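Undergrad: Kindly generate the corresponding structure for this input.
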Amino acid sequence: MEHSVKSVQADPKPPPRTDVGSKGLKINLETNYFPISVKNKFAELVHYDVSLKKHNKDANLPRKTKMEIFEKMKMIYEKDFKNYPLAYDSERNAYSVGVIPALQTPDCQSTYEIDLEESDGKRTQYKISLMVRHRANLQELTEALNCSAREQKTLPLNIFQMVEVMFRHYRAIKYELVGRRNFYSAGGEFGTPYPIGCGKEGVTGFFGSMRPASWKDGSLLLNIDVAHTAFYKEQPLLNFIQDFMNFREDDFHRPLEPFKRSKLLQELRNIRVQVTHSNIPRTYKIIDVSEHSAEKQTFPLKDENTGNTVYCTIENYFKNQYGKKIKFPKLNCVQVSPAERNVFIPFEGPFCFC
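TA: Modelled structure (predicted):
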């Protein structure tokens with residue numbers, strides 16, 4: 001027996017609901033979906049290409065840093081953006097209601113310079129370029145949502161994406177965004193973090209997503225739900241190691257064995273730590289765990305008096321530069337980026353910082 005299989009369309013449409021139920025009793029149903037009202041159904045939505053550069057090269061930065069730079073641009077160049085709220089997806093796209101006056105001319109590009117103070121106290125210049133990529137009218141979306149039961153209209157996904165990014169923009173500024181739709185408060189706004197072991201803690205937040213619906217002849221609904229995730233606990237790095245590696249006191253007085261070093265590096269790589277040994281709080285990203293202990297690990301250091309380069313141990317550097325005696329000189333160090341600067345910090349120096 002032969003069976004014919006119909007190919008699925010690229011934009012499948014759900015079958016329309018032709019009628020409502022007629023049997024049984026009507027009930028009130030409470031859900032975690034909330035209606036979104038639209039004031040101006042004929043608003044023009046504008047999609048911009050965003051280019052963020054550092055030293056004329058594409059900036060490879062965390063999403064939160066990109067958002068910080070973008071918001072500072074809007075604040076510095078307030079005249080350009082004052083009446084045109086601009087939402088950013090922390091990647092290469094921005095959206096507004098109405099086109100920004102400086103970009104009214106077709107194929108026009110505007111570039112904005114922003115100086116940002118880094119965690120080490122240095123200032124870095126960034127350049128953000130905006131260019132109109134696409135314009136659309138919100139009416140297309142409302143018409144697709146409000147079509148009759150017998151009609152079937154394709155939902156304009158590009159407009160839906162514009163609206164969703166604009167809707168979550170300010171939540172992404174206020175909260176920690178994990179993925180695209182999960183938001184968490186670092187200050188425990190949604191509940192006190194709870195320990196889950198291995199140097200981590202459980203954090204409560206919320207999931208928020210826009211959904212098209214045929215409810216009340218078509219509408220947009222906001223789906224809100226509770227969400228949970230794990231964050232690294234903000235604590236001294238030594239405490240994290242003790243918890244994660246199940247260390248005893250004597251373990252801190254000898255170098256890490258190769259398999260323990262590998263296990264720890266796998267967990268710490270790309271984690272950001274805030275150092276406490278200098279007067280200026282600085283944040284670094286861990287890239288390695290040193291093979292040698294603080295009393296043996298060396299790095300090239302330029303002598304200010306002679307101008308010659310000498311090799312100095314981490315233990316001696318902290319003693320001479322900061323007047324600090326390392327408590328566990330036989331323990332390894334962490335190496336932080338950039339790799340070419342050979343920056344090593346004892347485990348007892350930084351705080352764990354996610």
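Undergrad: which of the residues in the top helix by length along the chain are buried?
TA: Ranked by residue count under DSSP state H, the longest helix found in the chain is helix 157-174. By 16 or more other CB atoms under 10 Å, the buried positions in helix 157-174 come out as 159-160, 162-169, 172. Where you see a C-beta, it was placed from the backbone N, CA and C, and this is true even at glycine.
Undergrad: Next SSE downstream of it?
TA: As assigned by DSSP states H and E, the chain's next helix or strand after helix 157-174 is strand 176-178.
Undergrad: mind checking how far that following strand is from the chain centre?
TA: Relative to its parent chain, strand 176-178 has a centroid offset of 6 Å by CA atoms, centre = their mean, to the nearest Å.
Undergrad: just stretch 39-50 next, same as before
TA: Counting by CA atoms, centre = their mean, stretch 39-50 comes out at 24 Å from the chain centroid.
Undergrad: rewinding a little: tabulate the buried residues of helix 157-174 (TSV), appending pLDDT and distance to Gln104.
TA: Listed next are the buried residues of helix 157-174 as TSV, based on pLDDT from 0 to 100; distance: CB to CB, whole Å:
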residue	pLDDT	distance to Gln104
Ile159	90	21
Phe160	88	25
Met162	91	19
Val163	90	22
Glu164	90	26
Val165	92	22
Met166	91	20
Phe167	87	25
Arg168	89	27
His169	91	23
Ala172	89	28
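Undergrad: so Glu140 is in which element?
TA: Short version, using DSSP H and E: Glu140 is in helix 138-145.
Undergrad: Now do Lys153 against Ala43, distance only.
TA: 19 Å (CB to CB, to the nearest Å).
Undergrad: swap in Pro329?
TA: For Pro329, the distance to Ala43 - CB to CB - is 65 Å.
Undergrad: Would you map out the domains in the chain?
TA: 44-138, 149-232, 246-353 (automatic domain parsing).
Undergrad: in the stretch 51-200 of the chain, which spans are helices?
TA: Secondary structure of the stretch 51-200 of the chain (DSSP state H, counting those that start in this stretch): helices located at 63-76, 78-81, 138-145, 157-174.
Undergrad: which of those has the lowest average pLDDT?
TA: Mean pLDDT is lowest for helix 138-145 among the helices of the stretch 51-200 of the chain, at a mean of 86.
Undergrad: on that earlier part again, go through the domains of the chain and name the closest to Lys23.
TA: Judged by CB to CB, the one of these that comes nearest to Lys23 is domain 149-232, at 19.3 Å.
Undergrad: roughly how far out does the closest one sit from the chain middle?
TA: Centre-to-centre, domain 149-232 and its host chain are 14 Å apart (CA atoms, centre = their mean).
Undergrad: can you list the helices of the stretch 51-200 of the chain in a markdown table and add distance to Gly21?
TA: Converted to a markdown table, those look like this (distance: least, CB to CB, whole Å):
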| stretch | distance to Gly21 |
| --- | --- |
| helix 63-76 | 45 |
| helix 78-81 | 49 |
| helix 138-145 | 22 |
| helix 157-174 | 29 |
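Undergrad: And those: which comes nearest Ala230?
TA: Closest to Ala230 of the helices of the stretch 51-200 of the chain, according to CB to CB: helix 63-76, at 17.9 Å.
Undergrad: Mind giving me the packing neighbours of the closest one?
TA: Under the contact criterion of 3 or more CB pairs under 8 Å, 6 or more residues apart in numbering; DSSP states H and E, helix 63-76 touches strand 44-54, strand 86-88, strand 109-117, strand 123-137, helix 157-174, strand 176-178.
Undergrad: May I see the ones you listed organised as JSON lines, with distance to Phe299 added?
TA: Output for the helices and strands packed on helix 63-76, formatted as JSON lines (distance: least, CB to CB, whole Å):
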{"stretch": "strand 44-54", "distance to Phe299": "26"}
{"stretch": "strand 86-88", "distance to Phe299": "39"}
{"stretch": "strand 109-117", "distance to Phe299": "26"}
{"stretch": "strand 123-137", "distance to Phe299": "24"}
{"stretch": "helix 157-174", "distance to Phe299": "39"}
{"stretch": "strand 176-178", "distance to Phe299": "34"}
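Undergrad: wait, which of these is closest to Thr276?
TA: Across the helices and strands packed on helix 63-76, Thr276 has its closest neighbour in strand 109-117 (19.1 Å, CB to CB).
Undergrad: That closest one vs strand 44-54, what angle?
TA: 50 degrees (axes from the mean of the first three to the mean of the last three CA atoms, to 10 degrees).
Undergrad: hmm, who's touching strand 109-117?
TA: 68-69, 72-73, 76-77, 80, 100, 102-103, 123-131 (CB atoms under 8 Å, 6 or more residues apart in numbering).
Undergrad: For Glu291, see how far away the spatially closest residue to Asn158 that is not a sequence neighbour is.
TA: Nearest non-adjacent residue to Asn158, counting by CB to CB, 6 or more residues apart in numbering: Ala136, 6.5 Å away. Between Ala136 and Glu291 the computed distance is 56 Å (CB to CB).
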